[in-house]
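> can't give you the sequence, but here's the structure:
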């Protein structure tokens, strides 16, 4: 019998097999550390992402960032879904995450907007 549990990683609940919970939390934290360490070298970071993720995963992650930017411009959910060829459910998930003014999406948007000329 497989028992499932939930772990919280950066305020997010993730459901995993009970035996894997501790390892998965450590693996994710290690990956976040690696990514943070690579961000100063754009070429290496690009290569790392292309090696780590499938082309479809890269597209989906890229699309989610576009969703966040469009939501920040107060574009209606159904227009974003149509423009990006995705579901309203996916757009709504992004909108839900953006409700936290100190969440990752909002903070990333503020940081990126400060770098613009």
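Good, I have the coordinates. Owing to the predicted nature of the structure, the values given are computational and were not obtained by experimental measurement. Numbers count the residues shown, from 1 in each chain.

> tell me how far stretch 25-42 is from the chain's mean position?
Stretch 25-42 sits 13 Å away from the centroid of its parent chain (C-alpha atoms, centre = their mean, to the nearest Å).

> again with stretch 48-55
With C-alpha atoms, centre = their mean, you get 15 Å for stretch 48-55.

> oh, and call the first residue 192 from now on, that's how I've got it
I'll keep to 192 as the first residue from here, and by that count the last item is stretch 239-246.

> Give me the contact list for it.
Residues outside stretch 239-246 that contact it (C-beta atoms under 8 Å, 6 or more residues apart in numbering) are 225, 226, 229, 249, 252. All C-beta atoms are positioned from the backbone trio N, CA, C, and that covers glycine.

> which one is the third one nearest to, not counting chain neighbours?
Setting aside the residues directly before and after it, residue 229 is nearest to residue 236 in space (C-beta to C-beta, 6 or more residues apart in numbering), at 4.4 Å.
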